[in-house]
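In: sharing a model prediction with you, sequence too.
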Number of protein chains: 2
Amino acid sequence: MCQLLAMSCNSTSEITFSLKGFVQRGGRTAPHVDGWGIAFYERSGCRVFLDDQPAALSSLAQFVSSYPIKSKIVLAHVRQATQGEPMLSNCHPFQREWLGQSWTFANNGHLRNFHPHLSGAYLPIGVTDSEKAFCWILQELRTTFGDRQRPPTWEEMAPRIAELCEVAARHGNFNVLISNGEGMFVHCSTALHALERRHPFPTARLVDFDMQLDLSAFNSERDKVVIIATEPLTSEEPWSALATGESRLFVDGEMVWSHINAATRRFPAHTEHCGRGPLGLVEGVAA
Amino acid sequence: MCQLLAMSCNSTSEITFSLKGFVQRGGRTAPHVDGWGIAFYERSGCRVFLDDQPAALSSLAQFVSSYPIKSKIVLAHVRQATQGEPMLSNCHPFQREWLGQSWTFANNGHLRNFHPHLSGAYLPIGVTDSEKAFCWILQELRTTFGDRQRPPTWEEMAPRIAELCEVAARHGNFNVLISNGEGMFVHCSTALHALERRHPFPTARLVDFDMQLDLSAFNSERDKVVIIATEPLTSEEPWSALATGESRLFVDGEMVWSHINAATRRFPAHTEHCGRGPLGLVEGVAA
């Protein structure tokens, strides 16, 4: 299984503290050694850092987790492939443009017999079914909102993205982060945890790295931060597990929409991994 | 004016030496202080590093210019805006996917009254006319090769891209780098220089930084490298200037196609800059 990390805030924040713990899961505290990536939204811009090295050993990860990028939305991924070599084109987050916005997507899970028709609006560059699912979701959004000259509101998009995630989740576990820089949409099949941080901000202690931080020194009374992670990153904070089939939308550090599809089922854990098949074999390949 | 740098090789190489000189132009040896970016192609993958800080002072630039990424194609840009603040979404190279390949684009020049119809297949995220031109070029390629399921060959694409560059160049100076990871296409309005390096490899000396390197220690007899830059990066090497209206295609460190459109004209230098207008003002904005 891969691992996911995301942040949504009402004012720009640095994710360096959470990231210091998260990257340990890329080879040190967990076996996700097959690449990693992170997307930072900064105003209308988005920059994605990708690496096919284990995050815990990557000098790029070391640089990025010490580099104070101010962002309101961040999403990150460490990858564990069960077969085949790691390749940059299979590293998440994936990135595409739609209606003049940069969309990013990261996923863990494994989809079986998931062969949506891709018209060509978006096509995968690598060989993961994660990227295929992302291309399909954007293609379907393009179709649903085909008459738009400007991005639809998240109020319009969130229910449609949830429907699309539910369709994909019939083929396997599908834990997802997706963003356009304005909203952070998450969908849970098996494992996603959320943490809201508000005034008074606590001293937080990482579970993957011997480090604690007095968050009150870095946040004001008005700051609102939500952290999403596959497994809690800190001890002694009130992380809550998302339900199977649950979708949530976060804007400016607050949950503004949620929905649970009770029909979504968990697939057995042994089918859930983040591998990928040999080059060129797209079908049934995991991510 | 912004500055461009590109590399095409027949085996993966590091661009760290050239880059050490190039980034000096982002604030130290030249006044291009409004951001920078670089794209590295690695097999089917592509990673772009972007920064809105001056390249000469950017810790990300320092990291990347010391980080040995092996690549057959690299393109980079340092930006000088004459008005407005720098923003990540205006930094080159821009990146889009077409037919399962990652396309990147960097440009210097300034297009006036360039308002092509953009159907929505690709739309700008920032406000530069460079990104608008890139979206338009990809849109026109999509139209020209609309029946394809796989990327056309560069033999097919190069003449079409040259035509499109020539149309854009009627609106102003348009020096361009564009790649899909297989070919490196360049178009010159005013300033691009090319350098072929072959066995026997010389000792090269940067013009922007006190550094020389014995390239024979890093290259074998079979290696072929082409470096493209707005202005020569090294002294005592046979850089040659491209002609106004000249397009060239490089694959695996060799020029495989070229064309000169004699009708292309140079616009006065005072109209050529890399500024951009206020946020939201797309028309006539430079890059």
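Out: That came through fine.

In: which residue lies closest in space to the residue in the stretch 51-200 of chain A positioned nearest to chain B, excluding its sequence neighbours?
Out: Using CB to the nearest CB, the single residue of the stretch 51-200 of chain A nearest to chain B is residue A:88, 2.8 Å away. (C-beta placed from N, C-alpha, C; glycine too.) In space, residue A:88 comes closest to residue B:45 once its chain neighbours are excluded; the distance is 2.8 Å by CB to CB, 6 or more residues apart in numbering or on different chains.

In: how many neighbours does the one you found have?
Out: As a burial measure, residue B:45 scores 20 neighbours (other CB atoms under 10 Å in any protein chain shown).

In: let me see the contact set for it.
Out: Taking CB atoms under 8 Å, 6 or more residues apart in numbering or on different chains as the contact definition, residue B:45 lies against A:50, A:52, A:87-91, A:125-126, B:102.

In: buried ones among these?
Out: A:50, A:52, A:87-91, A:125-126, B:102 (16 or more other CB atoms under 10 Å in any protein chain shown).

In: now do the contacts for the closest residue to residue A:68 other than its chain neighbours.
Out: Nearest non-adjacent residue to residue A:68, counting by CB to CB, 6+ apart: residue A:14, 4.7 Å away. Listed by CB under 8 Å, 6+ apart, the contact set of residue A:14 reads A:68-71, A:218.

In: look up how far residue A:7 lies from residue A:14.
Out: Look at residue A:14 and residue A:7: by CB to CB, to the nearest Å, they are 10 Å apart.

In: looking at it, residue A:192 is touching residue A:174, isn't it?
Out: No. Judged on CB atoms under 8 Å, residue A:192 makes no contact with residue A:174 at a distance of 10.9 Å.

In: restricted to strands, list the contacts of residue B:45.
Out: Mapping these onto strands (DSSP state E) picks out A:50, B:102.

In: next one, pLDDT for the residue positioned nearest the centre of chain A please.
Out: Residue closest to the average C-alpha location in chain A (CA atoms, centre = their mean): residue A:177, at 3.3 Å. You'll see residue A:177 listed with a pLDDT of 98.

In: what's the answer for residue A:146, then?
Out: For residue A:146, pLDDT reads 92.

In: what do you get for residue A:81?
Out: Note on residue A:81: pLDDT of 78.

In: now residue A:229
Out: pLDDT recorded at residue A:229 is 98.

In: grab the nearest non-local neighbour of it.
Out: If the residues on either side of it in the chain are set aside, residue A:229 comes closest to residue A:5, at 5.0 Å by CB to CB, 6+ apart.

In: now residue A:232
Out: In this structure, residue A:232 finds its nearest non-sequential neighbour in residue A:239, 3.9 Å apart by CB to CB, 6+ apart.

In: got phi/psi on the one you found?
Out: Dihedral pair for residue A:239: phi -70, psi 140, per degrees, to the nearest 10.

In: got the residues of chain A near chain B?
Out: A:42-52, A:59-60, A:63, A:67, A:87-91, A:95-97, A:99-102, A:120-126, A:149 (CB under 8 Å from any CB of the partner chain).

In: repeat that with 6 Å
Out: Within reach of chain B by CB under 6 Å from any CB of the partner chain, chain A has these residues: A:42, A:44-45, A:47, A:50, A:63, A:88-89, A:100, A:102, A:123-125.

In: how about the strands in the stretch 51-200 of chain A?
Out: Counting by DSSP state E, counting those that start in this stretch, the stretch 51-200 of chain A has strands at residues A:71-78, A:94-98, A:101-109, A:174-179, A:184-188, A:193-197.

In: can you lay out the ones you listed as CSV showing distance to residue A:229?
Out: Shown next, in CSV, are those (distance: least, CB to CB, whole Å):
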stretch, distance to residue A:229
strand A:71-78, 9
strand A:94-98, 19
strand A:101-109, 11
strand A:174-179, 10
strand A:184-188, 10
strand A:193-197, 6
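
In: how close does residue A:210 sit to chain B?
Out: Using CB to the nearest CB, to the nearest Å, residue A:210 is found at 25 Å from chain B.

In: distance check, that residue against residue A:231.
Out: Counting by CB to CB, the gap from residue A:210 to residue A:231 is 18 Å.

In: rewinding a little: which one among the buried ones among the contacts of residue B:45 gets closest to residue A:268?
Out: Proximity of the buried ones among the contacts of residue B:45 to residue A:268 (CB to CB) peaks at residue A:90, which lies at 23.7 Å.
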